[in-house]
Each structure stands twice: as C-alpha cells, then as structure tokens.
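*Asks:* Just a sequence and a predicted model for now, questions to come.
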Amino acid sequence: MSQVLTLAITKIGDLLLRDKITQDINDNAISDIDLTIPEYQRPYKWTAKNVIQLLDDIIAAKNDNKEKYRVGTLILHQEGSIYNIVDGQQRTITFSLLLKALDYNLDIRFLAQSVTANPFNVRNIPANFSTLERRVKNFSDEKDRQSLLDYVKGHCELIVVITEDISEAFQFFDSQNARGKKLYPHDLLKAYHLREMNDVDITETEKTVKGWEDLDQEALSSLFNNYLYRVREWTKGNKAYELTEHNISKFKGITRLDNFPFAQFYKGAFAYSDMVNHSAMPFVSGIRNLKSFQLDAPIIAGKPFFDYAKHYFEILKDVQTNDRYEGFYMNDNPIVKTLDLRKYRNGVGNRIVRLMFDAAVLLYVDRFCPERPTRADLEMLEQFLRFAFIWAYSLRAQYYNVGWLSAQNYILGAIKDENVLNSFNIYKMITESDSPVSLLSTLSDDVNPLPNYAIAANAIKGDINEYVADDDNKGVFQNYLHWFIVHGFMEGNDEK
C-alpha cells in the first residue's frame, strides 16, 4: 500500500541550524531532523558559477523586499529520525556553505557528515566555499553581511516532500522531472527580467508579458539560441555552442543598481534614445528614430530587455522574408530566392550555412541600416548580401559535409588547411567597421574567388557555365553556384 506523502515548508535557518522543518500542512513543526546524504546520491556538481548565481538571486530578492523567497523543492525519504535527501542535494549543500561563509561560527550539523570521496565532491565543495567566502568578504559593512545572513535564514524557503517509502520517493522525483515543463533559456530570462520590473506599474507589466507571450515561442527560442547568442560570441572571437540555463547570464544585462561608469554610459544612451523616440522630436524635425539597441552592446535589464527581444524578433523576421511587398531589408533578392529553395533548407550543412548568412545580415542591418532605410542604404545592403553569401556558401562549396565543428573553425578563421578559402570572422569585421563603405572595401579585399578544384560539394557535372542558364523559367536559379559565376567568384582553372 502506498505511503502518504507529507508536504511541508521549511526555512533554511530552521532546516540547517535548528534541525527542523518549519511547518507541515497542519502548521506543525517537524523536529529532530537528521538530514543525510545517502550513498546512492550523485556527486555535488555545482560550480562557482552556480553558487554565485544563487547568491545573486537571493540578494536580488532581498533588495526587492520579498517576504518569502522560494528556492526549490526538497524530497526526503524518512527512516526514523534520518531524512535521506532524494532530490535537492545540490541546493542544500550550497546553502550550508553560504551560511558558513556568512558566519564561520555557525554550528551546521549537516556539514559534519562525511560524503563519498569522488572527484566532484573533493573539488567542488571546498572550491565553492572559498568562492562564497571571498564574495561575502566584499561586503564592506558588517551590518550588510548580517542582514543578508538573516534573510537567508528567515526568508529563503524550500518546499519539502517526505515519504517513508523509498520507491515512492523516487517515483515522485521521476514524476516531478518528467511532468514538469522544461524551461527554455528564454523562459528563464523572462522570469529574471520581470523581477527587475518591480518599479513598473502592473498594467504596463501585464502589457509587456502579453507582448512577449504573443510572439511565436519556438521562433523566440531560435532567436536567442541561434542568433543573438551566437552573434554575441562570434563578434568576440569565441566559439558559440548552445545557450543554456548555465550561460544565460550573457543576457541578464545591466541592472538599475549597477553604477559603474560603463553601466552609466549604456543606461544613459538607452534613456536618451528612448526619450527622443517617445517625444515629438522625430516627427517635428523629420529625423529618424534613434536605435536603442546594438547586438554587441550590453542589455539593460527589466522592461528594456523585452523591447530588445521584440526589436530583434521583428528584424530577423524581416531579414528572413524575401518578399518584394513586405519589410524593408530583403526585397525580392535573386540570390535569396535560390537559397530559399527547399533543397537548400534541408540537411544540417545547408541549415548551418544559411544561419551563418542570416546572422551576418542581421548584424549588418543592426549596425548600419536605419529603421526606414534610404535607397542608398539598401544599395549598400545589396552589396553586402553578395559578399555575405559568397563568404557563407564558400564553406558549403568546399566541404562534402558541413558540421558545427568545421563551421565554427571557418567562422573564426581557424581552418588549418591553407587551401580552404574565405575563412575569416565576418562578424568581428562588421563590428570593427565604422561605416558600410569601409566594411565593403575590406570585404572586397578579403573575399576570394573559388577555383573549380576547390568545389567539393555539389560536384559540377559538365560545363560549369551551364549553371548560368539553370533556372525554373521564373528567374529562380536552381544551384547556388550560379551566383558565384555571375558575380565573378569562381575561377575556371582546374588545377591547383
């Protein structure tokens, strides 16, 4: 027969300093808790980054005057007075270390037990304690440290589930993990930036949330993971793998409490552009709206983050829509017509190089195209599109198979084979150029034609010039190599 689950809530101070669970659903305390890490538990894998993130979240909750800050769930298997941790070990150990770092004289019985001497426990427990100890020493005022200690003890809470049946404890753990909706990185960012909006009235907050949720969530996830995250890494010369809950700090941005000179500069720039754009100045003077964001610049936390996400969501949608009647940037471009063919949207390699192309165009538009581009703006964009296409699809042409390893090396100019052409960091080049003219000049020097012998994929059959006439009678050419030929980026030599 299944055992009844006991549900409770405990304050961190009660659990770790007084060996009790604050109250069950009948408002009764559960005393004499011998909290234990059983041998079957996995190692302690939290790193310095995880513990600092937890501490930052606690400080943010305290500064927001949150009476209760729920920090997760603790699942316990009870054997008499022993309560084995089934789930919640990482957080519980970290809170123990944090309490000890805030006051070394605290008696925490939980920390006195021995744990399995595996490499993770041996390395991470002392390393994380040292990290927390160094961080709390930065509090110049002893009152601030004591205030934080009191908040952790009395306001940080865990939801507790207790059962005497070990199999039921694991079943509950499994069901919690299986049924719980996975939070994608952009969901976690939404929660973080909503917390930064505690000075915004409820009507404006609800409007902001609705605007976010009205966006296609799959497309929004792709925007952050495939474009915004990757472009930010590539412009810095770093490889970009995947945006996860462990590296979303790149999108947490500058908060209202940050007063370093660089933070004041970016907050001031955003505030000025926002003020101008919401005034009558652009209409009266005829000037263009000021752009409030740049892809490679820090984000301003809170409501500006949601404006930032919507801004780039709309630009990327425009960049990826090659319709002569819609948008401003892509307008019936003949190269993109070919790239939009189904055969170039299928397959890992094709999707990677298209992402590289779209990301380069997104970054160029962000840096050099105004909200309402002039004919001159669009003419320079057309020139850039040709260079970006040749750059991205040179990778497709020179490799039989394109994967993320070869793509990242190509993007960062780290290809060791000197015979592979056009491997350079176009994203860094864009951000280091002070005008479209200087960028186009640099690209004209750096983008090279491909000799026939270099073409490894899409092997050419017969006369290469046949591709010039290989269309569908509607002007859509069926092979991307056609555009290499038309724009003079394929040489006719057949030998190295």
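*Replies:* Received, thanks. Note that this is a predicted model, so its numbers are computed, not measured.

*Asks:* can you list the domains in this structure?
*Replies:* Domains of the chain are assigned by automatic domain parsing as 6-180, 183-319, 321-496.

*Asks:* As CSV, these with mean neighbour count and mean pLDDT would be great.
*Replies:* In this view, the C-beta of every residue, glycine as well, is placed from N, C-alpha and C. Shown next, in CSV, are the domains of the chain (neighbours: other Cβ atoms under 10 Å; pLDDT from 0 to 100):
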stretch, mean neighbour count, mean pLDDT
domain 6-180, 16, 86
domain 183-319, 16, 87
domain 321-496, 17, 87
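
*Asks:* Bridged to the closest residue to residue 15 other than its chain neighbours, which residues?
*Replies:* Nearest residue to residue 15, sequence neighbours excluded (Cβ to Cβ, 6 or more residues apart in numbering): residue 21, at 6.4 Å. Per DSSP bridges, the residues bridged to residue 21 are residue 30.

*Asks:* try residue 451
*Replies:* residue 491.

*Asks:* so it touches residue 420, yeah?
*Replies:* No - with contact defined as Cβ atoms under 8 Å, residue 451 does not reach residue 420; the gap is 11.9 Å.

*Asks:* where's the residue nearest to residue 15 relative to residue 41, distance?
*Replies:* Distance from residue 21 to residue 41, counting by Cβ to Cβ, to the nearest Å: 19 Å.

*Asks:* tell me the helices in the stretch 101-250 of the chain, going along the chain?
*Replies:* Using DSSP state H, counting those that start in this stretch, the helices of the stretch 101-250 of the chain run over residues 119-136, 142-155, 166-179, 185-195, 202-213, 217-222, 229-235.

*Asks:* for the ones you listed, which one sits closest to residue 34?
*Replies:* helix 166-179 (16.2 Å; Cβ to Cβ).

*Asks:* The longest strand along the chain versus helix 142-155: what angle between them?
*Replies:* Secondary structure of the chain per DSSP state E: the longest strand is strand 69-79. Per axes from the mean of the first three to the mean of the last three Cα atoms, to 10 degrees, the angle that strand 69-79 makes with helix 142-155 is 50 degrees.

*Asks:* As CSV, could you dump the C-alpha coordinates of strand 69-79?
*Replies:* Provided in CSV are the C-alpha atoms of strand 69-79 (Å, rounded to 0.1, in the frame of the first residue of the first chain):
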residue,chain,number,x,y,z
TYR,A,69,11.9,33.6,-1.5
ARG,A,70,11.1,30.0,-2.5
VAL,A,71,14.3,28.4,-3.7
GLY,A,72,13.2,24.9,-4.8
THR,A,73,11.9,21.5,-3.7
LEU,A,74,13.5,19.1,-1.2
ILE,A,75,12.4,15.4,-1.5
LEU,A,76,13.2,13.3,1.6
HIS,A,77,13.0,9.6,2.4
GLN,A,78,12.3,9.2,6.1
GLU,A,79,13.9,6.3,8.1
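
*Asks:* and the angle from the helix or strand following that strand to strand 69-79?
*Replies:* As assigned by DSSP states H and E, the chain's next helix or strand after strand 69-79 is strand 82-87. Angle between the axes of strand 82-87 and strand 69-79 is 130 degrees (criterion: the same axes, to 10 degrees).

*Asks:* Check which helices and strands strand 82-87 sits against.
*Replies:* Secondary-structure packing of strand 82-87 (3 or more Cβ pairs under 8 Å, 6 or more residues apart in numbering; DSSP states H and E): strand 34-36, strand 69-79, helix 166-179.
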